[in-house]
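A.B. asks: Mind looking at a prediction? Sequence and model below.
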Amino acid sequence: MPHFFKKKNFVKRVVRYGIVWAFGAIILVGFMPEYSYAFESDNSQVQQCIQDICGADTSVAQSASGDGPLQKIIPQNIKEDFETQVTPILSEIVDQDLKTAQMTLDFWKELKAEKSLPPLTDNQKILLFFNLFVRLDWDGLSNAYEYDENQNLNLNRNKALPLLSSFTAEKAELIIKIFNAWYGDDKIKRANSLDGKTFEQAIRFLAGGKEYLPWFVDRLLEKNKVIEQAFGMYLVDATDLKILEKIKKDTQLTPYEKTTFLRVTAKILRVNTLAAMEHPVRNFILQFSLSWNDLFENKKLDEEIKTIESQIVKKKNTIKSEAVEFCHKKAYSFIASSPSALRVRQMEKLTQQVLKSAQEVLPKYFLGQTLETAQNSLKEITFHFPDNYGTAIDKLQTYIKSKNSSLRGKVEYFEKGDFDLKIKLLLISLINRSSDEDDLVEMILPDTFKTCNSLQPPSLSDSAIPTSPPSIDMSWQSTMWPGYGANILAHEIGHVIYHATNDGEALTSVRQCNKDQHSQIYGNQAINDGRHDDEDWADTFSLSVQKHLDPKGFVRNKNFACLLLPVSEKTKNPIDNVSLVEDLTESHSSSLFRLLKIESETRGLPASCKSLPQLQGKDLKSCSQ
């Protein structure tokens, strides 16, 4: 059942950020409903079950936020470095964005007053179209989404046409064609499918392997040049470019650098599609025969601009302070999520303990040559840990300096750019602005919002790259809280073993046991086609290591699935719609399923969990040795 469109303003926000995040970030990617099997149950029962297992542990993901405990233990010298090295640049970013906001509004008025404007160029029409497209009634249109036989997202023509009655019949048909052509395009599907892939999975998928990365990065930068010429958009800033060049040389990458590569790749692939001269989506858009009147007579856009103008006047004395405070909190969260050098050393020591236990557990699952292969794979693993406070300050400063330079360049383009470039900058800016009066920074200063919001510490980013030699990246949460980190690390080691042993070919009994667990809970709706095999094995292996670890050194029975549950930033509690779900698009079992699996095999399920309709009268069988 589709479960994506639940909250009142969610679709509007996803369309604005998913369809066109600054036009140069993520076009038309967002509002993809997922089909999944969900069990209906009293959510209060689910919440009680989670509370009895996790207690306050689900709030760990928010612990680096403005009111989180990690902010309180940042050393004084780091705070002083932050104030001298970071805060002034954040203030300058806000100043540059305020200039851009005012220049955008001034240029808009100038254009509206102009009697004879030149005809729009084709690339200007593309940008204008997305100004109209992002302001469609996506709340209503969500009822017209469906998947075709190839699992491509489509707008159902019969359902969508009545919702597009403000357009001529011809233009309404074109909107449907554009939407469907976009989601049916192989390049777009490749870009969209990067979401959720590890770096290693992505480079195999995109380039065929690491050895082809230099070629792929060069092609990527060529596409970026085409985009710059067509739309005046600069998708790769100086920081991103350094990362791409580093990737070409195959040097050791940090988790942030890997994430940046995926982000930059996805947005270039999407936007380049619109710059390609013969692409169906581009041709459909140009058939709209758009003119300046379509821009100036759009009532929704006009209302949004008036709202922004009034807010700038109304909040002229507080805009900057509010924006700087917003950025300050996000940047401080970034620092707070960086462990101390001592904490990193402690995690390095724990890593060796976990690795030793993993080696000792292996004979329970493997024999002979397969056992030897698994043992050797563990000896080859390289481990990477998060940056400590000092390194994090340096990287933060480099990042925001780069973003500030980009913003300064945008101001210069508005001041000195030719007419065509200023038009493109205006249209991109209008696409990007939110009309949500509840969020002043996002509405008036979108570049500030994006830059600072991206500093929010990531959710669990632990990952294994099971190539030869394999490597494992540890997240800040795993490093800060070894009670979780030990078990998450064992999970990642499980992935290395799985791939080293020919995708776990020798794990027939474990695979079957894990599938039986799914069948116990989901019955005939269980997904047992093999998509969960790797992840379920990693959970099972982690449980075996947990049982084997010496409990004297570290708390060993922390349920790391507590950290996987989606949590409200405001309440610090799991969001209301947490449920047991089999997701057709995920290689992981659902977070709640994993929570119950881990708990049942360690401390045993509390009564509140056993009373869930899916578990009544059932004992989950154990799969770990």
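C.D. replies: Great, that's in hand. The model shown is predicted, which means the values in this text are computed figures rather than measured ones. Numbers count the residues shown, from 1 in each chain.
A.B. asks: show me where the stretch 501-625 of the chain has strands.
C.D. replies: Secondary structure of the stretch 501-625 of the chain by DSSP state E, counting those that start in this stretch: the strands cover 581-583.
A.B. asks: Could you point out which residue ranges in it have low pLDDT?
C.D. replies: Applying pLDDT under 70 to the stretch 501-625 of the chain flags the ranges 550-557, 566-586.
A.B. asks: residues of the strand or helix carrying Arg282 that come out buried?
C.D. replies: Per DSSP states H and E: Arg282 is located in helix 280-286. Buried residues in helix 280-286, counted by 16 or more other C-beta atoms under 10 Å: Pro280, Val281, Arg282, Phe284, Ile285. All C-beta atoms are positioned from the backbone trio N, CA, C, and that covers glycine.
A.B. asks: pretty sure the second one is in contact with Leu274, am I right?
C.D. replies: By that I understand Val281. Yes. Between Val281 and Leu274 there is a contact under C-beta atoms under 8 Å: 6.5 Å.
A.B. asks: what about Asn559, distance to Glu599?
C.D. replies: As judged by C-beta to C-beta, to the nearest Å, Asn559 and Glu599 stand 6 Å apart.
A.B. asks: same thing with Pro75?
C.D. replies: As judged by C-beta to C-beta, Pro75 and Glu599 stand 36 Å apart.
A.B. asks: Those two: which is more packed in?
C.D. replies: Neighbours per residue (other C-beta atoms under 10 Å) separate Pro75 from Glu599, with Glu599 holding more: 22 against 11.
A.B. asks: Pretty sure Ala160 sits against Gly140.
C.D. replies: No. The criterion here is C-beta under 8 Å, and Ala160 misses it with Gly140 at 9.3 Å.
A.B. asks: Looking at those two, which is more packed in?
C.D. replies: Taking other C-beta under 10 Å, Ala160 and Gly140 do not tie; Ala160 has more neighbours (21 against 14).
A.B. asks: Now do the contacts for the more buried one.
C.D. replies: Counting by C-beta atoms under 8 Å, 6 or more residues apart in numbering, Ala160 makes contact with Leu141, Ala144, Ala172, Ile175, Ile176.
A.B. asks: Could you export the residues you listed as TSV, including secondary structure and pLDDT?
C.D. replies: Converted to TSV, those look like this (DSSP: H, G, I helix; E, B strand; the rest coil; pLDDT from 0 to 100):
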residue	secondary structure	pLDDT
Leu141	helix	80
Ala144	helix	84
Ala172	helix	90
Ile175	helix	89
Ile176	helix	89
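A.B. asks: now, which of the residues you listed sits nearest Phe449?
C.D. replies: Relative to Phe449, the closest of the contacts of Ala160 is Leu141; by C-beta to C-beta it sits at 25.5 Å.
A.B. asks: residue ranges for the strands of the stretch 1-150 of the chain, please.
C.D. replies: Ranges of strands within the stretch 1-150 of the chain are 36-38, 145-147, based on DSSP E, counting those that start in this stretch.
A.B. asks: Quick check: buried residues in the last one?
C.D. replies: Of the residues in strand 145-147, those scored as buried under the neighbour-count criterion (16+ other C-beta under 10 Å) are Tyr145.
A.B. asks: what mean pLDDT does that strand have?
C.D. replies: When pLDDT is averaged along strand 145-147, the result is 78.
A.B. asks: Can you list the strands that the following helix or strand past it pairs with?
C.D. replies: Heading C-terminal from strand 145-147, the first helix or strand you meet, by DSSP H and E, is strand 153-155. In the sheet, strand 153-155 lines up against strand 145-147 (antiparallel) (DSSP bridges).
A.B. asks: Make JSON lines from the contacts of Ala160 and add distance to Thr373 and neighbour count to it.
C.D. replies: Below are the contacts of Ala160 laid out as JSON lines (distance: C-beta to C-beta, whole Å; neighbours: other C-beta atoms under 10 Å):
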{"residue": "Leu141", "distance to Thr373": "53", "neighbour count": "21"}
{"residue": "Ala144", "distance to Thr373": "52", "neighbour count": "19"}
{"residue": "Ala172", "distance to Thr373": "60", "neighbour count": "18"}
{"residue": "Ile175", "distance to Thr373": "55", "neighbour count": "23"}
{"residue": "Ile176", "distance to Thr373": "53", "neighbour count": "20"}
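A.B. asks: and which of those residues is nearest to Asn514?
C.D. replies: Closest to Asn514, out of all of the contacts of Ala160 and judged by C-beta to C-beta, is Ala144, at 38.2 Å.
A.B. asks: For that closest one, list the residues it contacts.
C.D. replies: By C-beta under 8 Å, 6+ apart, Ala144 lies in contact with Leu155, Asn156, Lys159, Ala160, Leu163.
A.B. asks: how much space between the second one and Pro162?
C.D. replies: Just to be clear, that refers to Asn156. From Asn156 to Pro162 the distance is 11 Å (C-beta to C-beta).
A.B. asks: For the two, indicate the residue with more neighbours.
C.D. replies: Legend: neighbour count by other C-beta under 10 Å for Asn156 and Pro162, higher for Asn156 (15 against 10).
A.B. asks: contacts for the helix or strand harbouring Phe383?
C.D. replies: If you go by DSSP H and E, Phe383 is part of strand 382-384. Contact partners of strand 382-384, identified using C-beta under 8 Å, 6+ apart, comprise Gln252, Thr254, Pro255, Glu348, Thr351, Pro469, Pro470, Ser471, Ile472, Asp473, Met474.
A.B. asks: Using CSV, lay out those residues together with distance to Phe167 and secondary structure.
C.D. replies: Converted to CSV, the contacts of strand 382-384 look like this (distance: C-beta to C-beta, whole Å; DSSP: H, G, I helix; E, B strand; the rest coil):
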residue, distance to Phe167, secondary structure
Gln252, 52, coil
Thr254, 47, coil
Pro255, 45, helix
Glu348, 61, helix
Thr351, 59, helix
Pro469, 57, coil
Pro470, 54, coil
Ser471, 52, strand
Ile472, 52, strand
Asp473, 48, strand
Met474, 52, coil
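A.B. asks: Could you pick out the buried ones from the residues you listed?
C.D. replies: Buried among the contacts of strand 382-384 by 16+ other C-beta under 10 Å: Thr254, Pro255, Thr351, Pro470, Ser471, Ile472, Asp473, Met474.
A.B. asks: And those residues, which is the shakiest by pLDDT?
C.D. replies: Here the lowest pLDDT out of the buried ones among the contacts of strand 382-384 sits on Pro255, with 66.
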